[in-house]
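Trainee: This is a predicted model, with the sequence first.
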Amino acid sequence: MVKKALTIAGSDSGGGAGIQADLKTFQELDVYGMSVITAVTAQNTTGVQGVYKVPLEGIQEQLQSIAEDLRPDAIKTGMLFNSDTIDAVSRFIEFYEMKHVVVDPVMIAKGGASLLQNEAVKALKEKLLPLATIVTPNIPEAEVLTGIKIVTMDDRKQVAKLLHIMGAKTVMIKGGHDQGREEMIDLLYDGQQFHTFSSNRIPTKNTHGTGCTFSAAITAQLAKGSSVVQAVKVAKDFIQAAIEEDLHIGSGHGPTNHWAYKRNKVKIAIK
Ligand SMILES: Nc1ncnc2c1ncn2[C@@H]1O[C@H](COP(=O)(O)OP(=O)(O)O)[C@@H](O)[C@H]1O
Ligand SMILES: Cc1ncc(COP(=O)(O)OP(=O)(O)O)c(N)n1
């Protein structure tokens, strides 16, 4: 039977991040994708031109429609924007006893636009984090969530441990913002040990939506029954291929190539 994944996130009109990146990723990983839209952004590769929140009632109704019929095997959260939405999403996860919850604590878009209000950070930490199977902050997001500045890998380990104490079952601190390295190292903490996932840094400005795509790939794999470590392995390969074979569209930070991972697998199978 086909597995189903739900993304609860914002729409990116440019198609590279948010709901659009998530659904493309689910599709490429053979999982049926569903969406609850929390906000509509007017956005392209040059930045975010506008943010329009969906009224709370509209978000709650979308959640209920899905829960009462389509029952996802895994869910991910992305741009949630304010504390009312975080509250509603947390109650939904608890009430319907949702399993495999990937929390991508989206805060700021690459161009600097705010996708989460400051007042919402507390709700994210107190309500959503304890429900997370895995939380996937980038370095600046991990710093905001813990109040700890990350410079070294030891800082990252300390922050990962703290996020685990704050309630997330596993913690993935992504390395995309660690400018000082040639290697791209993502660090996973499962409450007992650390796992590192390394790849070479691809020199490109076309990395719009990398975080969304990476966490969506984890979600798709969890929906299909993978362990967290196995899911992250596939997600790392998926994002590496998507960045490596970028599409060169738009004049700013272009999107990644969501076709690349599957096409590469098909090429290998044909050889
Ligand atoms: N230039 C790059 N080359 C290779 N991998 C990258 C590059 N930039 C980001 N990644 C990978 O993309 C994923 C998302 O990372 P990051 O950019 O830190 O997240 P976000 O988009 O949330 O800021 C991680 O797996 C990271 O290692
Ligand atoms: C609607 C929406 N959601 C999330 C993001 C942020 O996406 P991310 O994967 O972190 O990529 P960048 O924006 O940093 O390129 C977004 N931009 N829009």
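Mentor: All right, it came through fine. Ligands and ions are numbered 1, 2, ... in the order given.

Trainee: what about stretch 22-40, how long is it end to end?
Mentor: 15 Å (Cα to Cα, to the nearest Å).

Trainee: I meant stretch 117-128, not that one.
Mentor: Using Cα to Cα, one end of stretch 117-128 lies 15 Å from the other.

Trainee: quick one: average pLDDT of that stretch?
Mentor: When pLDDT is averaged over stretch 117-128, the result is 97.

Trainee: Off-centre distance for that stretch?
Mentor: With Cα atoms, centre = their mean, to the nearest Å as the basis, stretch 117-128 stands 17 Å off its chain's centre.

Trainee: Show me the contact partners of it.
Mentor: Here stretch 117-128 makes contact (Cβ atoms under 8 Å, 6 or more residues apart in numbering) with 77, 80-83, 85-87, 89-90, 103, 105, 107, 116, 144-145, 166. For glycine as for every other residue, the C-beta is placed from the backbone atoms N, C-alpha and C.

Trainee: Which ones, among the residues you listed, also lie beside ligand 2?
Mentor: When the contacts of stretch 117-128 are checked against ligand 2 using Cβ under 6 Å from any ligand atom, none falls in range.

Trainee: So which of the residues you listed belong to helices?
Mentor: S83, T85, I86, D87, V89, S90, V144, L145 (DSSP state H).

Trainee: ok, the fifth one - contacts?
Mentor: Okay, so that is V89. By Cβ under 8 Å, 6+ apart, the neighbours of V89 are I8, I59, L63, T77, L80, L128.

Trainee: residue contacts, the residue of the stretch 1-150 of the chain found nearest ligand 1?
Mentor: Proximity of the stretch 1-150 of the chain to ligand 1 (Cβ to the nearest ligand atom) peaks at N138, 3.6 Å away. By Cβ under 8 Å, 6+ apart, the residues touching N138 are I173, K174, G176, H177, G211.

Trainee: Next, find the distance separating the second one from ligand 1.
Mentor: What it means is K174. Per Cβ to the nearest ligand atom, to the nearest Å, K174 is found 4 Å from ligand 1.

Trainee: show me what contacts that residue?
Mentor: Contacts here follow Cβ under 8 Å, 6+ apart; on that basis K174 touches T136, P137, N138, I139, D186, G211, F214.

Trainee: Recalculate using a threshold of 6 Å.
Mentor: Applying Cβ atoms under 6 Å, 6 or more residues apart in numbering to K174 gives the contacts N138, D186.

Trainee: so what's the backbone phi/psi at T7?
Mentor: Phi and psi for T7, reported as degrees, to the nearest 10, are phi -110, psi 130.

Trainee: Okay, and the beta partners of it?
Mentor: When bridges are called by DSSP bridges, T7 pairs up with S35, K76.
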